[in-house]
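> okay, predicted coordinates and the sequence, questions at the end:
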Amino acid sequence: MPPFKVLRLKICHFLEIDRAVFFAIMGKVWTMAAGLVTTLLIASVFPPEIQGYYFTFFSVLALQVFAELGLGTVISAYASQEWSKLRFNKYGEVTGDEDALSRLTSLGRFALKWYLVAGVVVAIFLSIGGFFFFASTDWDQVSIWGAPWIVLCLVTGVNLCFMPVWALLEGCNQVSNVYIFRLIQSVATSAAGWLGVYFGAGLWVTSIIGVTAMLVMMATVGRRYSRFIRNIMLEHPKGPHLDWKADILPMQWRISLSWLSGYFTFSLFTPVLFHYHGPIVAGQMGMTWNFIAALTGLASSWIAPKAPIFGILIEQRKFYELDKIFWRLTAVVTSVTIAGALLIWVLVYMVGELDHPFSQRMLPPTATACFLIATIILVAGLPMSTYLRAHKKEPLLILSIVNGVITGTLVVLLGKYYSVNAIAVGYLVVMAILTPFNILVWYRCRVAWHRNN
């Protein structure tokens with residue numbers, strides 16, 4: 001083997017970069033670069049008020065977690081353990097252990113039914129609830145935001161129905177293909193969004209992005225995995241099946257509470273600032289959080305593709321290999337996040353020092369620094385959450401609820417009576433206090449679960 005190729009393989013192994021992680025990283029790098037182009041376009045074309053509506057739309061849409069209730073994570077965890085006994089044949093059909101196939105099929109059928117109902121619920125309740133939320137703040141602008149919001153909710157409901165396909169494929173260790181398709185989807189939606197912004201589509205850009213995502217998903221995943229979808233989601237199980245109450249609910253209700261807590265931890269900033277301080281401040285928060293979310297997503301490029309591998313190693317009781325991958329993963333994602341956070345802060349600081357008009361569209365450097373430091377702390381603990389959930393357990397539930405309650409309460413109170421700087425400091429303090437407890441829970445669970453191995 002050529003020396004250069006050997007060196008490349010060693011570097012990729014050290015950095016925990018396999019084919020799946022590579023395409024996940026490419027997708028997130030594209031998302032970050034495209035996000036920068038998008039924000040520049042929005043800042044150049046959209047008035048500050050429309051920018052505020054744009055980012056608040058997506059923050060309110062995050063309420064769909066109340067309909068999904070964490071099922072996607074549960075699907076991936078259960079599918080990964082069943083997939084350890086299954087494979088694809090040359091025709092793209094799932095073969096292997098009949099009992100495992102039957103359980104996986106029952107899981108797919110249940111997921112399809114759940115998400116179909118969830119899609120309808122999201123479309124109806126978000127369109128009505130969001131309409132009243134925006135109307136309570138600025139009814140005079142209803143002609144600008146009303147119709148785009150309703151259509152966006154309908155598109156979001158339809159897209160939600162496709163979520164179990166993504167989750168099942170990731171659980172069935174098709175992560176590399178999934179991330180290739182997501183990269184294609186990201187490129188297409190970014191291009192559609194840019195064209196929409198440039199040609200004056202206004203808030204209709206949000207729906208254009210959603211429709212493009214749906215069409216690309218149908219053209220890529222639907223074409224490549226049509227037989228998988230028919231086998232796993234449309235056929236009846238021919239043997240043992242997973243029971244929702246006995247098998248899925250014990251894990252799902254814990255993860256769902258963690259996800260719901262996550263909304264109050266990560267998605268409440270922009271709506272609260274929109275309500276108490278108006279669309280301009282909300283737009284600044286939304287644009288800054290867009291960069292922070294992209295950084296978190298980049299770190300997740302290493303983490304999410306490893307979840308099925310964690311599940312398979314746990315099922316095979318290869319805990320040494322599991323821990324080896326985990327520690328390298330934690331070191332890599334923490335280092336990447338620190339480097340990315342420094343880069344984002346320097347850019348924000350330089351734009352402010354140069355007194356560029358773009359600085360008025362983002363949060364000041366102090367608030368940005370607090371959010372970035374909190375993000376570093378958060379990302380350092382994400383591999384622990386994935387590690388624990390791969391055991392089909394959710395021991396971080398109580399801490400997730402505490403985090404959501406405290407953060408949500410502080411965001412509302414500090415947002416109402418103070419400023420965004422106070423919200424940023426409060427968020428950082430909560431993350432710094434609770435993260436050591438997360439580490440303690442992870443350590444105790446790891447020792448208890450792997451004691452005899």
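Done, it's in. Numbering: from 1, shown residues only.

> I'd like to know how far the residue lying closest to residue 291 once chain neighbours are set aside sits from residue 226.
Of all residues not flanking residue 291 in the chain, residue 344 sits nearest, at 5.3 Å (C-beta to C-beta, 6 or more residues apart in numbering). For the C-beta atoms, the positions are set from N, CA and C on the backbone; glycine is no exception. Per C-beta to C-beta, to the nearest Å, residue 344 is found 41 Å from residue 226.

> more crowded one of those two?
Taking neighbours as other C-beta atoms under 10 Å, residue 344 and residue 226 compare with residue 344 leading, 21 against 11.

> just the buried positions in the helix or strand containing that one, please.
Secondary structure from DSSP states H and E places residue 344 in helix 319-353. Neighbour counts over helix 319-353 (16 or more other C-beta atoms under 10 Å) mark 322, 325-326, 328-330, 332-334, 336-338, 340-341, 344-345, 348-349, 351-352 as buried.

> before we move on, back to that, contact partners for the residue nearest to residue 291?
Going by C-beta atoms under 8 Å, 6 or more residues apart in numbering, residue 344 touches 291-292, 295, 368, 372.

> can you tell me which of those residues are in strands?
Among the contacts of residue 344, no member is found in strands (DSSP state E).

> just the closest of the residues you listed to residue 171, please.
Nearest to residue 171 among these is residue 295, at 26.1 Å by C-beta to C-beta.

> would you mind measuring from the nearest residue to residue 205 once chain neighbours are set aside to residue 451?
Leaving aside its sequence neighbours, residue 205 sits nearest to residue 196 (C-beta to C-beta, 6+ apart; 3.9 Å). Distance of residue 196 to residue 451, computed by C-beta to C-beta: 56 Å.

> between the two, tell me which one has more neighbours.
residue 196 (20 against 7).

> ok, the more buried one touching residue 208?
Yes - under the criterion of C-beta atoms under 8 Å, residue 196 makes contact with residue 208 at 4.5 Å.

> host element of the residue nearest to residue 133 when sequence neighbours are not counted?
Nearest non-adjacent residue to residue 133, counting by C-beta to C-beta, 6+ apart: residue 60, 6.6 Å away. Applying DSSP H and E as the criterion places residue 60 in helix 48-61.

> just the helices in the stretch 151-300 of the chain please.
Along the stretch 151-300 of the chain, the segments classed as helices by DSSP state H, counting those that start in this stretch run 163-171, 175-198, 205-224, 226-229, 249-266, 269-277, 279-303.

> and the ones you listed: which comes nearest residue 152?
helix 205-224 (4.8 Å).

> name the residue closest to the centre of this structure, please.
Central residue of the chain (C-alpha atoms, centre = their mean): residue 297, 7.1 Å from the mean position.

> residues contacting that residue?
Contacts for residue 297 (C-beta under 8 Å, 6+ apart) come out as 28, 31-32.

> residue 369 too?
Neighbouring residues of residue 369 by C-beta under 8 Å, 6+ apart: residue 345.

> distance of it relative to residue 36?
Taking C-beta to C-beta, one finds residue 369 at 19 Å from residue 36.

> do the same with residue 216
Computed as C-beta to C-beta, the residue 216 to residue 36 distance reads 21 Å.

> and these two? which has more neighbours close in?
The neighbour comparison of residue 216 against residue 36 (other C-beta under 10 Å) goes to residue 216, with 20 against 14.

> restrict the next helix or strand after the helix holding residue 60 to CA atoms and write it as PDB.
Moving toward the C-terminus from helix 48-61, the next helix or strand (DSSP H and E) is helix 65-68. Extracted C-alpha coordinates of helix 65-68, given in PDB (Å, rounded to 0.1, in the frame of the first residue of the first chain):
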ATOM      1  CA  VAL A  65     -40.900  17.600  19.000                       C
ATOM      2  CA  PHE A  66     -44.100  17.600  21.000                       C
ATOM      3  CA  ALA A  67     -45.600  15.400  18.300                       C
ATOM      4  CA  GLU A  68     -42.600  13.300  17.500                       C
END
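
> which outside residues touch helix 65-68?
By C-beta under 8 Å, 6+ apart, helix 65-68 touches 115, 118-119, 121-122, 125, 160, 163, 259-260, 262-263.

> circling back to that earlier point, ok, the residue nearest to residue 133 - contacts?
Residues near residue 60 by C-beta under 8 Å, 6+ apart: 126, 130, 133, 271.

> are we agreed that residue 395 is in a strand?
No - using DSSP: H, G, I helix; E, B strand; the rest coil, the assignment for residue 395 is coil, not a strand.

> can you redo the contacts of residue 297 as TSV with neighbour count?
Formatted as TSV, those follow (neighbours: other C-beta atoms under 10 Å):
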residue	neighbour count
28	25
31	23
32	18
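
> looking at these, which are in helices?
Of the contacts of residue 297, the ones assigned to helices by DSSP state H are 28, 31-32.

> residue 318 and residue 326: what is the separation?
For residue 318, the distance to residue 326 - C-beta to C-beta - is 12 Å.

> I meant residue 354, not that one.
According to C-beta to C-beta, residue 354 and residue 326 sit 42 Å apart.

> any idea of the pLDDT on residue 315?
Note on residue 315: pLDDT of 79.

> pretty sure it contacts residue 82?
No - between residue 315 and residue 82 there is no contact under C-beta under 8 Å: 9.1 Å.

> ok, those two, which is more surrounded?
Neighbours of residue 315 and residue 82, each counted by other C-beta under 10 Å, are more numerous for residue 82; the result is 25 against 17.

> report pLDDT for that one.
You'll see residue 82 listed with a pLDDT of 83.

> again with residue 208
Predicted confidence (pLDDT) for residue 208: 94.

> likewise for the one 5 residues further on?
pLDDT, residue 213: 92.

> residue 285 now?
pLDDT for residue 285: 91.

> low-confidence ranges in this protein?
1-21, 23-24, 138-139, 452-453 (pLDDT under 70).

> which helices and strands does the biggest helix by length in it pack with?
Longest helix in the chain, counting residues (DSSP H): helix 98-138. On a contact count with 3 or more C-beta pairs under 8 Å, 6 or more residues apart in numbering; DSSP states H and E, helix 98-138 meets helix 48-61, helix 65-68, helix 71-83, strand 86-88, strand 94-96, helix 142-160, helix 163-171, helix 269-277.
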